[in-house]
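A.B. asks: Sequence and predicted structure are below.
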Amino acid sequence: MVLNTDKIDDTALALLYLTLHDDNRAWKGMDWDVLGRLHDKGMIRDPVGKVKSVVFTQEGLERAKALFEEMFKK
């Protein structure tokens, strides 16, 4: 089966927004491949390290919020 990784990445980005804290950080409990693609797309800063959260870029934070509202708002 061929997966649409762009849809997976958008969903992961929206779910990262669900765990938003400290203005621009989110808990990084996601698949490492997904986090790597989000980093490559400029949505988050480098996720590698001991810190248990990732930092959204400004573009990533705005996109995460928009996707979260689009996907999950009633």
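C.D. replies: Looks like it came in fine. Residues are numbered from 1 along each chain as shown.
A.B. asks: which stretches of the chain have low pLDDT?
C.D. replies: For the chain, applying pLDDT under 70 flags no range at all.
A.B. asks: Let me see the ranges of the helices in it.
C.D. replies: With DSSP state H as the criterion, the chain has helices at 5-18, 32-40, 58-72.
A.B. asks: what sits against the closest residue to Asp10 other than its chain neighbours?
C.D. replies: Distances taken as C-beta to C-beta, 6 or more residues apart in numbering place Leu67 nearest to Asp10, at 5.4 Å, with adjacent residues excluded. C-beta here means a position set from N, CA and C on the backbone, and glycine is covered the same way. Counting by C-beta atoms under 8 Å, 6 or more residues apart in numbering, Leu67 makes contact with Asp10, Thr11, Leu13, Ala14, Tyr17.
A.B. asks: for Val55, same thing?
C.D. replies: Going by C-beta under 8 Å, 6+ apart, Val55 touches Asn24, Arg25, Ile44, Arg45.
A.B. asks: Check the gap between it and Asp46 for me.
C.D. replies: Between Val55 and Asp46 the distance, using C-beta to C-beta, to the nearest Å, works out to 9 Å.
A.B. asks: Same question for Ala12.
C.D. replies: Taking C-beta to C-beta, one finds Ala12 at 16 Å from Asp46.
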